[in-house]
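Asker: Here's a sequence, model it:
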Amino acid sequence: MTVGLSIGDLSARTGLAVSAIRFYETHDIIKPVRNKGGHRRYGRHDIRRLSFVMAAQKLGFSLADIAPHLRRLPDHKAPSKADWTRIGHAFRREIDARITAMQELRDKLDGCIGCGCLSLKSCALYNPGDIKGREGAGPRNLVAGSRMRGEALRNRT
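Answerer: Sure thing, here's the model as predicted:
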């Protein structure tokens, strides 16, 4: 006889809607077993996985950032302390990089608010090191939108 939590029990324990649990299942975040009647059964370790996903998403991580780490965890058993430590180190590096980028943005923002300079050669915020000039002619920030600005903020070393 298969034991474990029903999807309703898991929903009650995590606060997630049943549809959200099924969504995470499609991304291999959790992998339930099926009982003889074909009903999903979840382990207590799935509560931890889903709680981690919710916490990471609140910090701004996407499912695409999170899922690869959780897919490497052992199926149908609780991850070890070493597993969580490895994941924690990876996320810590990303969080540290985000903090650094946000601090740099904060420090450069006061010179840009309302200046209206429109100088793509000297703007340290949107065009550090005149990277736009290397990308070719045209309205690069308007064409590519925030994706290009995000890349510029990450790559301005």
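Asker: rest of the way, CA atoms for contacts and neighbours
Answerer: OK.
Asker: Return the set of buried residues in the helix or strand containing Ser19.
Answerer: Here Ser19 is covered by helix 18-26, with elements defined by DSSP states H and E. Neighbour counts over helix 18-26 (16 or more other C-alpha atoms under 10 Å) mark 21-22, 24 as buried.
Asker: Please apply the same query to stretch 65-78.
Answerer: 66-67, 69-70, 73, 75, 78.
Asker: neighbours around Ile131, how many?
Answerer: 15 (other C-alpha atoms under 10 Å).
Asker: just checking, what's the longest helix in this structure?
Answerer: Ranked by residue count and defined by DSSP state H, the top helix of the chain is helix 81-109.
Asker: And the next helix or strand past it?
Answerer: Moving toward the C-terminus from helix 81-109, the next helix or strand (DSSP H and E) is helix 131-134.
Asker: Ignoring the adjacent residues along the chain, who's closest to Ala67?
Answerer: Ile29 (6.1 Å; C-alpha to C-alpha, 6 or more residues apart in numbering).
Asker: Ile87 too?
Answerer: His69 (6.4 Å).
Asker: for Asp75, same thing?
Answerer: Nearest non-adjacent residue to Asp75, counting by C-alpha to C-alpha, 6+ apart: Lys31, 6.9 Å away.
Asker: Spell out the secondary structure type for the most centrally placed residue in the chain.
Answerer: Nearest residue to the geometric centre of the chain (C-alpha atoms, centre = their mean): Phe61, 1.8 Å. Of the three states, Phe61 takes coil under DSSP: H, G, I helix; E, B strand; the rest coil.
Asker: Fine by me, we can end here.
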